[in-house]
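Participant: structure for this input, please:
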Amino acid sequence: MSHMVKLLSVATAVPPNCVSQRDAAKVAHDSFSARYEDFERLVKVFESSGILRRYLVRPLEWYLTPLGWAERNQAYLDGACELFVDAASLALADAGLSAVDVDTVVTISSTGLATPGIDALVAERLGFRSDVERVPVFGLGCAGGVSGIGLGARLAQSRPGSCVLVVAVELCSVAFRLDKLTKENIVATALFGDGAAACVLRSQEGGLAGIEFSGHHTWPGTLDIMGWSVDDTGLGVIFDRAIPPFAEANMRPAVEGILARHDLNIGDVDRFCCHPGGAKVITALERALSLEQGNLDHERTVLADYGNMSAPTALFVLERLIKVGLPSRSLLTAMGPGFTASCVSLQAAA
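Facilitator: Numbering: from 1, shown residues only. This is a model prediction of the structure:
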């Protein structure tokens, strides 16, 4: 273990169908207003979400047709493969590497099923070696991108010199449901989009930043906060408790506990890089972490441009922070099903 594991590159990708929030709101109105009596109150979330546009794996009209599990999962498979290839290719090129250099692939995804996994489906197309180690990870939801970097760093550290490719790809839109007349389903249609992000990790000199440590905190009795329900039609979103007030009340002590295990405190973090789950979540995190309102500016910009893409979204924020220059220490944070907070500390390259 001669060197800290380094982040060599971060790259992102989105599908081709860009949908404005105005058009999405119109479709939701046409689809739900006559069938859900509280719709006019809920439709305000399309304006208050902080989202201007999102990218979807299929054209908007596709979501208005009768869809079952088979059609939805096929859309997931098609879109996830394309996005995986796009994001991975960009990340490898930015690192000055190719697929043949990859020793381990960590694939983070919770919005569809693929067996063999997405990594295997695209292996020949990308050019992975026959001895590449595949590590598919399911069920982390919005925390997946941050958790994936932590996992990838530990794998890279265990085999000094090995190259680890981490890819987070989510097609949240395949879970849009016109048949579920629930508050959480309507809110989901206002928040979620599709996208992918990839990063390359290696134990070596140089790189964009070093992976200092990672940590997690799972709150007892919180399994009902976020997740998927499953039925013959497909996946259905579960939001059984409001996330912004939970984040404001509970995120700080969780982060403090993770930092304390490494003899650090919140004052030692120069910049938090947070998963932007929604406008209210961003504001709640600023309050929880005692940040000035507006401090999480890149989070708001990513949310406006892409919506909440689940696992990849925090890496979209990281990509923007890298472009403007990382401070000495950044802490990536995200919350996901469990209910769990995931953190990764980055030290900027000297």
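Participant: so residue 98 makes contact with residue 127?
Facilitator: Yes: here residue 98 reaches residue 127: they are 6.7 Å apart, a contact under C-beta atoms under 8 Å. Using the backbone N, CA and C atoms, a C-beta is placed for each residue, glycine as well.
Participant: tell me who's in contact with residue 345.
Facilitator: Counting by C-beta atoms under 8 Å, 6 or more residues apart in numbering, residue 345 touches 211, 212, 213, 214, 262, 264, 269, 329, 330, 331, 332.
Participant: so which of those residues is the closest to residue 31?
Facilitator: Residue 31 lies nearest to residue 332 out of those, by C-beta to C-beta, at 35.8 Å.
Participant: may I have the strands that pair with whichever strand or helix holds the closest one, each with its orientation?
Facilitator: Element membership for residue 332, per DSSP states H and E: strand 329-336. Strand pairing for strand 329-336, determined by DSSP bridges: strand 271-274 (parallel), strand 340-348 (antiparallel).
Participant: out of the ones you listed, which gets nearest to residue 236?
Facilitator: Nearest of those to residue 236, taken as C-beta to C-beta: strand 340-348 at 20.6 Å.
Participant: quick one: mean pLDDT over the closest one.
Facilitator: Per-residue pLDDT values over strand 340-348 give a mean of 96.
Participant: cool, and stretch 18-31?
Facilitator: Taken as a whole, stretch 18-31 has a mean pLDDT of 86.
Participant: that stretch: which residues count as buried?
Facilitator: Buried residues in stretch 18-31, counting neighbours by 16 or more other C-beta atoms under 10 Å, are found at 19, 21, 24, 25, 27, 28, 31.
Participant: kindly report the same for stretch 211-218.
Facilitator: Buried residues in stretch 211-218, defined by neighbour count with 16+ other C-beta under 10 Å: 211, 212, 213, 214, 215, 216, 217.
Participant: same deal with stretch 62-72?
Facilitator: 62, 63, 67, 69, 71, 72.
Participant: next one: that stretch to chain centre, how far?
Facilitator: Offset of stretch 62-72 from its chain centre (C-alpha atoms, centre = their mean, to the nearest Å): 24 Å.
Participant: ok, residues contacting that stretch?
Facilitator: 27, 31, 56, 75, 112, 173-176, 178, 232-235.
Participant: what is the nearest of the residues you listed to residue 164?
Facilitator: residue 112 (23.2 Å).
Participant: doesn't that closest one belong to a strand?
Facilitator: No: going by DSSP: H, G, I helix; E, B strand; the rest coil, the assignment for residue 112 is coil, not a strand.
Participant: packing partners for the worst-scoring helix or strand of the chain on mean pLDDT?
Facilitator: Lowest on mean pLDDT, DSSP states H and E among the helices and strands of the chain sits helix 39-42, with a mean of 74. Judged by 3 or more C-beta pairs under 8 Å, 6 or more residues apart in numbering; DSSP states H and E, helix 39-42 is in contact with helix 183-191.
Participant: just checking, what packs against whatever helix or strand residue 30 lives in?
Facilitator: Assessed by DSSP H and E, residue 30 sits inside helix 21-32. Under the contact criterion of 3+ C-beta pairs under 8 Å, 6+ apart, helix 21-32 touches helix 45-48, strand 53-56, helix 183-191.
Participant: just send these back as TSV, with distance to residue 166 and mean neighbour count too.
Facilitator: Shown next, in TSV, are these (distance: least, C-beta to C-beta, whole Å; neighbours: other C-beta atoms under 10 Å):
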stretch	distance to residue 166	mean neighbour count
helix 45-48	32	16
strand 53-56	21	23
helix 183-191	24	20
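Participant: for the residue nearest the centre of the chain, what are its contacts?
Facilitator: The centre of the chain sits closest to residue 311, judged by C-alpha atoms, centre = their mean, with a distance of 1.8 Å. Contacts for residue 311 (C-beta under 8 Å, 6+ apart) come out as 108-110, 140-145, 148, 168-170, 197, 336.
Participant: grab the nearest non-local neighbour of it.
Facilitator: Nearest residue to residue 311, sequence neighbours excluded (C-beta to C-beta, 6 or more residues apart in numbering): residue 144, at 3.2 Å.
Participant: you'd agree that neighbour is up against residue 336?
Facilitator: Yes: Residue 144 is within contact range of residue 336, at 6.5 Å (criterion: C-beta under 8 Å).
Participant: more neighbours, these two?
Facilitator: Shown here are residue 144 and residue 336; by other C-beta atoms under 10 Å, residue 144 has more neighbours (33 against 27).
Participant: what sits against the more buried one?
Facilitator: Residue 144 neighbours (C-beta under 8 Å, 6+ apart): 108, 109, 110, 137, 168, 170, 310, 311, 334, 336.
Participant: the first one: neighbour count?
Facilitator: Read that as residue 108. Neighbourhood size, residue 108 [other C-beta under 10 Å]: 32.
Participant: same question for the fifth one.
Facilitator: Burial of residue 168 is recorded as 34 neighbouring residues (other C-beta under 10 Å).
Participant: okay, it: pLDDT?
Facilitator: So, for residue 168, pLDDT stands at 98.
Participant: pairing partners for whichever helix or strand it is part of, with directions?
Facilitator: If you go by DSSP H and E, residue 168 is part of strand 163-171. For strand 163-171, the paired strands and their directions (DSSP bridges) read strand 104-108 (parallel), strand 194-203 (antiparallel).
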